[in-house]
Structures are given as C-alpha cells and as structure tokens.
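Enquirer: Got a sequence here, can you build the structure:
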Amino acid sequence: MATTYSAPPAPPRGRRDSRTVQAVAVLGAVSVALVAVSWRDPHETGSLGLCPFHALTGMYCPGCGTLRALHDVLHGNVAEAFGHNVLTVPALALLVAWAAWTLVGARRRTLRVRGSVATSGSRAWVPLVLSGTTLVVMVAFSVLRNLPGSALAP
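Expert: Reported below is the predicted structural model:
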C-alpha cells in the first residue's frame, strides 16, 4: 500500500501581501519625508511653507512643529524635537516599529507551513481601538497646546 503525501494548504496570499505592501509604502514615505526635511531647515521662516490651519485660525494643529521636530531628530537634537511637537518622536518610533513588525511577521508567515488557516475576525477590533485612541489623543493634544501659556505650544 503506497502512501501519498499532500502538502497542507497554503495560507491565503491576499491579506499577507497587502500588509507587506503597506509596510514598505509607509517606510518609503517616511524615508522620503525625512530626506526632504533633512535638506531644508524648517526653522527658517518660509523654507517649507506654512501650516494652512494655523494661517487660517491662528491656532496650533496637532501637526504644528512636526517638520522642525523631524529635522531636530535627524540632526541628533531629540530633546529639542520634543519641544517642537511632543507627539512626533513617539509617533515616528511607533510607525517604524509597526512597519518592521509587519515585515518580520510577513517573513515568518512565509517560512512557516501551517496546516490550518485561522479566522480573520479574531482581532478585528484592534484597528478600531487604535484609531479611536489616536483621535482622542490628537484632539486632547490640540486643545491643551492652544490653552494660554501652554508648554505644548511649538
């Protein structure tokens, strides 16, 4: 009696490939932005334009000071970067960590052979919670940095 070997089914390719493409796109966009900011000094008035929200309302948006903070990080002035926008350094670190985690996870998934495919709905709430948390933090940060005498103003 001859036994035949059949390989377990491969995991679906669509979701894995889209996550890898997203991670590579994010790393590429961040790299291009960092190169652009390193070439021009945003501390000089008018070097990279102005914030349309601040120009229209006179208030600081959550992104005000981000270009100056990125420029400072690239030149080793992390403490000064926190002074321009306290959210920029942690956001940049989280973005790069997410992309690296996604790429490493995609590599592990291609090396590992699985016999069964997990259901995709088990962690569907994670993006919703992260999006909601990000929105709350940005709104709170915007309100706090626009209070008179706030240390969070750029």
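
Enquirer: Name the helix or strand for the spatially most central residue of the chain, please.
Expert: Central residue of the chain (C-alpha atoms, centre = their mean): Leu95, 3.0 Å from the mean position. Using DSSP states H and E, the element containing Leu95 is helix 88-111.

Enquirer: what does that helix contact?
Expert: The contact list for helix 88-111 (C-beta atoms under 8 Å, 6 or more residues apart in numbering) reads 11, 16, 19-20, 22-24, 26-27, 30, 65-66, 69-70, 73, 78, 81-82. Where C-beta positions appear, they are placed from N, C-alpha and C, glycine not excepted.

Enquirer: Need the buried ones from the residues you listed selected in PyMOL.
Expert: To isolate the buried members of the contacts of helix 88-111 in PyMOL, using 16 or more other C-beta atoms under 10 Å:
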select buried, resi 11+19+20+23+27+65+66+69+70+73+81+82
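
Enquirer: Among the contacts of helix 88-111, name the ones in helices.
Expert: 16, 19-20, 22-24, 26-27, 30, 66, 69-70, 73, 78, 81-82 (DSSP state H).

Enquirer: of all these, which comes closest to Phe141?
Expert: Minimum separation from Phe141 among the ones in helices among the contacts of helix 88-111 (C-beta to C-beta) is found for Thr66, which lies at 11.8 Å.
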